[in-house]
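Asks: sequence and computational prediction follow.
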There are 2 protein chains.
Amino acid sequence: MIPEVALSKEEQAYALLKADADKILQLIKVQIDNLTMPQCPLYEEVLDTQMFGLSREIDFAVRLHLIREEDGKALLENLERQLNVLHEASQKA
Amino acid sequence: MIPEVALSKEEQAYALLKADADKILQLIKVQIDNLTMPQCPLYEEVLDTQMFGLSREIDFAVRLHLIREEDGKALLENLERQLNVLHEASQKA
């Protein structure tokens, strides 16, 4: 939960987006840990859908000037990087 | 374009979401006018993706307390109603 007092709308927006990105990472970790094949089309679809949802949230926050465009981009890129690391580790396992 | 001066973040958020909903309606209108079959799986997929994206934006705005949950729900329901009208009209044509 995000404490509402003392946080500006901008800080709240970023914290929410960051939490959503972490949730996607967590979801993919669980899928990999449970040995769902990363080559499985369903895995790809879940990931695509989640990434699309997050990118729409980020785009919305940028258009509302709640976060800077570069911060939104960095958030997505950082998530993609972490997902790649996870994915590569699972391939070697 | 939404004028930034004189509008609160809450008003801007609602205006953006309303504009996004209208964009989906417009997209579906164009598809129907161009006689793309509403039974086509691609049509369904485009619509599903767009509705999912909008629902994520609305959910984000609600969690940020930028719009009320009932207003977000009404926005989506209103769009669905308008899409149904369009869809039914295209079936009769």
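Replies: Structure's in. What do you need?
Asks: ok, and the closest non-adjacent residue to the residue positioned nearest the centre of chain A?
Replies: The centroid of chain A falls nearest to A:A21 when counting by Cα atoms, centre = their mean (2.3 Å). Excluding the flanking residues, the one nearest A:A21 by Cβ to Cβ, 6 or more residues apart in numbering or on different chains is A:L79, at 4.5 Å. All C-beta spots, glycine's among them, are computed from the backbone N, C-alpha and C.
Asks: check which helix or strand the one you found maps to.
Replies: According to DSSP states H and E, A:L79 maps onto helix A:69-92.
Asks: quick check: mean pLDDT of that helix?
Replies: Helix A:69-92 shows an average pLDDT of 92 in the prediction.
Asks: buried set for that helix?
Replies: By 16 or more other Cβ atoms under 10 Å in any protein chain shown, the buried positions in helix A:69-92 come out as A:71-72, A:75-76, A:79, A:82-83, A:86, A:90.
Asks: residues in contact with that helix?
Replies: If you take Cβ atoms under 8 Å, 6 or more residues apart in numbering or on different chains as the criterion, helix A:69-92 is touched by A:14, A:17-18, A:21, A:24-25, A:28-29, A:32, A:38, A:47, A:51, A:54-55, A:58-59, A:61-62.
Asks: and what of stretch A:41-61?
Replies: A:13-14, A:16-17, A:20-21, A:24, A:27-28, A:31, A:36-37, A:67, A:72, A:75-76, A:79-80, A:83, B:16, B:49, B:52-54, B:56-57, B:60-61.
Asks: alright, calling it a day.
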